[in-house]
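Novice: okay, predicted coordinates and the sequence, questions at the end:
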Amino acid sequence: MKILITGCNGQLGRELQKQLASGRSELGPIPARLQGATVVAVDLPQLDISDRNQTIAFIEKEKPHTIINCAAFTNVDGCEKQTDDAFKANAIGPRNLAQAARKVGARLIHVSTDYVFSGQPNGGIPLDETALPNPKSAYGSTKLLGEEYVARFCPRHMIVRTAWLYGYEGKNFVKTIVNAGKKFGHLEVVNDQLGNPTNAVDLAHHILKLAVSHEYGTYHCTGTGICSWYDFAAEIIRLSGVEATVAPCTSAEYAAKHPDAADRPAWSALENRMLRVTVGDEMRPWQEALKTFFENWDGN
């Protein structure tokens, strides 16, 4: 089986490659059909998925069984300023991959985000896959259009929405908080935005379970449990052993100090209903996954 991973240099792309190479993750073995799979891992400049002709030619040459699209413009604030770049990476790129996948009969697993939702309070109920998207940022809007293109142009698709992702490789909130704690000794983090911290190990493991199934559709795939960014940051500092304090603040207080920041969802807690009723939901409680991260992270 040949697996094509786009956006391979990001934290999820690297974790997928690691699991495919080793045959297992922290959650256990990957599916037997993927043991010894041929992996084609690409990123810019080797493949620009926003270039339709290049994308189709590349996929027609490689003829993968499954494409896992991890490529995206994920800088939420940057998307507000570089709207065309966000549109190309998050909408046009997935469209091109979907059209190319259909040409060669490949399945397409496309990674999306909780930012496709409005962030409005939902009575404390996590959002499952029946919830209606209504993005409030350029990042969320372009990612939603990417989802729509994937669903329209590639029948054999799985759209996997995740949130608050961190991993051993690349930049993420966990590493930012650790470094900021070391530098400043005191942090203020919003306590009125709630969601699900997600370890890239868990996400990659479930994507690979989907890769050998025929359970097409839209999925939510996040860590188990809900917390605020403040709760998340406080636990990061506690587990890291960094000598720093973390204080809560409101989104309004943060916005006053960072007027150029994009709107973030106040409520984007997701429920992994589709996982649970199809391939199985083994996502760890976010505190457990974070603890394991610090036990294994080399600090870089």
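Specialist: Thanks, I have the structure now.
Novice: so where is the stretch 101-250 of the chain shaky, pLDDT-wise?
Specialist: Residues of the stretch 101-250 of the chain meeting the criterion pLDDT under 70: none.
Novice: check contacts around residue 145.
Specialist: Residues near residue 145 by C-beta atoms under 8 Å, 6 or more residues apart in numbering: 87, 90-91. (Glycine included, C-beta is placed from N, CA and C.)
Novice: may I ask which of those residues has the most neighbours?
Specialist: residue 90 (28 neighbours; other C-beta atoms under 10 Å).
Novice: so residue 23 touches residue 31, yeah?
Specialist: No. Residue 23 lies out of contact with residue 31 (C-beta atoms under 8 Å); the separation is 9.7 Å.
Novice: more neighbours: those two, which one.
Specialist: residue 31 (17 against 14).
Novice: apart from its chain neighbours, what residue comes closest to the more buried one?
Specialist: Excluding the flanking residues, the one nearest residue 31 by C-beta to C-beta, 6 or more residues apart in numbering is residue 212, at 4.5 Å.
Novice: the one you found contacts residue 33, doesn't it?
Specialist: Yes. With contact defined as C-beta under 8 Å, residue 212 counts as touching residue 33 (4.7 Å).
Novice: those two: which has the busier surroundings?
Specialist: residue 212 (18 against 12).
Novice: how about the more buried one, what does it touch?
Specialist: 31, 33-34.
Novice: TSV for those, including secondary structure?
Specialist: Converted to TSV, the contacts of residue 212 look like this (DSSP: H, G, I helix; E, B strand; the rest coil):
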residue	secondary structure
31	coil
33	helix
34	helix
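Novice: possible to save those as CSV with distance to residue 238 and pLDDT?
Specialist: Below are these laid out as CSV (distance: C-beta to C-beta, whole Å; pLDDT from 0 to 100):
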residue, distance to residue 238, pLDDT
31, 35, 97
33, 40, 95
34, 36, 97
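Novice: report the buried residues of the lengthiest helix in the chain.
Specialist: Ordering each helix of the chain by length in residues (DSSP state H) puts helix 138-153 first. For helix 138-153, a neighbour-count test (16 or more other C-beta atoms under 10 Å) marks 138-151, 153 as buried.
Novice: same check on stretch 153-161?
Specialist: Of the residues in stretch 153-161, those buried (16+ other C-beta under 10 Å) are 153-154, 157-161.
Novice: likewise for stretch 98-111?
Specialist: 98-102, 106-111.
Novice: how about stretch 41-51?
Specialist: Buried residues in stretch 41-51 (16+ other C-beta under 10 Å): 41-43, 47-50.
Novice: rewinding a little: keep only those of the buried residues of stretch 98-111 that are in strands.
Specialist: Of the positions in the buried residues of stretch 98-111, 107-111 sit in strands, assigned by DSSP state E.
Novice: so can I have CSV of those showing distance to residue 66?
Specialist: Output for those, formatted as CSV (distance: C-beta to C-beta, whole Å):
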residue, distance to residue 66
107, 5
108, 8
109, 7
110, 11
111, 13
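Novice: I appreciate the help and will end here.
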